[in-house]
Structures are given as structure tokens and as C-alpha cells.
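Chemist: This is the structure alone, sequence omitted:
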């Protein structure tokens, strides 16, 4: 088969790769219909990956068709159209069954496309471990694009909002208006936020946030939010970039008893945490990764009912064979690049 392989810094190649085969009777093989490039994939693209491996298949967002199932698979069959959770678990322990994949008790927690341990989804076919748990039928009434955005981006945005304790009447700031940040803006209003401030240095992305009802600011965000709130600042912040500076910015944008939720991937070894600011403001600070399947029961009905429209953030559709160019465009933010979708 063909797949996108990481061969070094800014070196993604469309190359031949061994066809996936079941490693367990619980596995399934899925033919990829479409897959996405996530903002966190850029860490790998920039040479700041999560392992020293090279030559592995990248990507962790995909939907497709089941073509083969192991003898132990009970819920899926060839021909089923499925969405794959970016976060995988064993599917049998109490934590996985409660939706907390990241707390898998058997060591089965993981993510596609970070190393050779579990090859990625930006490929013509994908091995899905513990397939009855880590793949789900695309729900009735959802398009393939909507299902694709349920594999990581939308649940991550929702997780960030929940961690930020966004609710009715709250004033919320979202730092970073990439696809996940924009989904957080949209989701904040669904959760009842009274005001949403969006912060990004890219004018086109600020315009998109404003089209959703947010008030958008650039480099002067702290001063503008202070002015707009008469110095009270925001109640909650969702940080969707992961840079040291933007995390610190999110902490400055909230007021006393504020809650800061970081969902941007930060790989700093020595982050300069502003402890004095947190202490004086009595801040709650949360950071972490999303257990994707946990949020599907909340998000699927909201999409079915038209309350959330994650597909609106797709800017480009390109064949898998043009994956290297898709990465370049996404990294450079050229041609309005926002959510990049690759097709098999």
C-alpha cells in the first residue's frame, strides 16, 4: 500500500509501505476513506516528535471501511463504515470502559502515528487494535467529514471546554484559532457562554472566529479584554496552541478564580510557570490529552441536531499522494489552510 511516512524534519514522503495485518484476533483492518492532518502532527513534521523513530506512518485521524476482522471481533464486520478514535485503549479494563482511555490499566493506551509502535492513519489501510472498542460505526445522520472530525479535533475542543468549566453566563477566552480553537469558540456558545473572546495573530482566523459570534483580538488581547470587561477579565480560558507564551497569555486573560485549560501540545522541558500570578488570582490550571470516545455520547447528538458543525473548518481536500504538499501548506498557513483532509 501507499502511506505518508516521516523521514526527518519537514520530510514527509508518500511511499510504499507494508500492508497492515492483524497482530491479534481482536484487530481489524480498515481501508481509509479520508484522514486529517492535526496541529499536533506538525510537532513531528518539525522534527520534535514523540519518539526517535523515523520511517513510520504518521497521522491519527481517519474514517473508512472495515475490510478484515480478527476472529475475536464481535461488533464489526467487513463493509462497516467506521470512525477511529485517535486515542486507543485495551477496551476491557474498567477505565477504558468508563471512557478514560488515557488511564488504561493494561498498558494499552496510545495514539496512532507517533512511532512504529502503532502505525498511523495517513495510509491506504490501517490496523485497528481492539477494534470493537477503538472503532465505532459512523452514527446515523453524520457525514464522513463530520465523523472524521469526531476522531480527535472536536472531542479535544470539547474536552478543553469542559476542563475550563465553561457554562451558562461565563465569559470565555480561546487562545489560538486553528481548527480546534475555532471548534472551542463554537462549543463555548453551545455550552451557554455569554461572551467569547478569540485570540490569534492571523487576521483571517480572527475573522472566522468573529463569524461564529466571538470578539477577536491579536497581540493586544490582554489590554482589549481588560477594557471590554472593566478589568474583570475572563472567567475561563482554553489554550489551543501549546507554546509557552500562549499558555502564559491565557493565564493573564482570566481574572480571579479563573480556570485555564490547556489542550495545545507543549513539549517544554522547563516551562516558566507564573506561580505568583496563579497564586494571587486563585487560578485553576488544567492540562492534558483527550480520551476521545468519552465525549462521543455528548457530541454526536449535537452534530445530528445541527448545533455543532465541525465540517465548516475544512479548508482543503487533497489526495493522499499530495500529502507532503498538504503538510507544507498547513505549516505555512498558506492559501487559507485550516483543516486539511486527505482522501484515499
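Modeler: Structure's in. What do you need? Everything numeric here is computed off the predicted structure, so don't read it as measured data.

Chemist: Domain-wise, how is this protein divided?
Modeler: Under the assignment automatic domain parsing, the domains of the chain span 2-152+292-343, 155-287.

Chemist: now the ones you listed in a markdown table, with mean pLDDT and mean neighbour count?
Modeler: The way it works is simple: take the backbone N, C-alpha and C, and place the C-beta from them, glycine included. Below are the domains of the chain laid out as a markdown table (pLDDT from 0 to 100; neighbours: other C-beta atoms under 10 Å):
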| stretch | mean pLDDT | mean neighbour count |
| --- | --- | --- |
| domain 2-152+292-343 | 97 | 19 |
| domain 155-287 | 96 | 20 |
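
Chemist: where's residue 256, which helix or strand?
Modeler: Residue 256 belongs to strand 254-262 when assigned by DSSP states H and E.

Chemist: sorry, that was for residue 90
Modeler: Going by DSSP H and E, residue 90 is not in any helix or strand.

Chemist: Next: residue 225.
Modeler: Short version, using DSSP H and E: residue 225 is in helix 221-228.

Chemist: about what we covered before: contacts for the strand holding residue 256, please.
Modeler: Contact partners of strand 254-262, identified using C-beta atoms under 8 Å, 6 or more residues apart in numbering, comprise 160-161, 163-165, 173, 229, 231-239, 242, 247, 250-251, 281-288.

Chemist: sorry, back to before: pull the distance from the helix holding residue 225 to the chain's centre.
Modeler: 28 Å (C-alpha atoms, centre = their mean, to the nearest Å).

Chemist: Which helix or strand lies directly C-terminal to it?
Modeler: strand 234-239.

Chemist: how far out from the middle of the chain is that next one?
Modeler: Its chain's C-alpha centre and that of strand 234-239 lie 18 Å apart, by C-alpha atoms, centre = their mean.

Chemist: How about stretch 19-38?
Modeler: So, by C-alpha atoms, centre = their mean, the centroid of stretch 19-38 is 19 Å from its chain's centroid.

Chemist: Stretch 242-253 too?
Modeler: 19 Å.

Chemist: Could you list everything residue 88 pairs with in the sheet?
Modeler: residue 110 (DSSP bridges).

Chemist: which residues of the stretch 201-344 of the chain fall in strands?
Modeler: Applying DSSP state E, counting those that start in this stretch to the stretch 201-344 of the chain gives strands spanning 215-217, 234-239, 254-262, 284-287, 314-319, 339-343.

Chemist: that older thread, quick check: angle from the strand holding residue 256 to helix 221-228?
Modeler: Between strand 254-262 and helix 221-228, the angle comes out at 140 degrees (axes from the mean of the first three to the mean of the last three C-alpha atoms, to 10 degrees).

Chemist: quick one: strand 254-262 to strand 234-239, angle?
Modeler: Using the same axes, to 10 degrees: strand 254-262 against strand 234-239 is 30 degrees.

Chemist: what about the nearest residue to residue 124 once chain neighbours are set aside, distance to residue 123?
Modeler: Leaving aside its sequence neighbours, residue 124 sits nearest to residue 1 (C-beta to C-beta, 6 or more residues apart in numbering; 4.1 Å). Between residue 1 and residue 123 the distance, using C-beta to C-beta, to the nearest Å, works out to 6 Å.

Chemist: Now for these two: what residues contact both?
Modeler: In contact with both residue 1 and residue 123: 17, 20, using C-beta under 8 Å, 6+ apart.

Chemist: Chain neighbours aside, what residue packs nearest to residue 75?
Modeler: Per C-beta to C-beta, 6+ apart, closest to residue 75 is residue 132, 4.5 Å.
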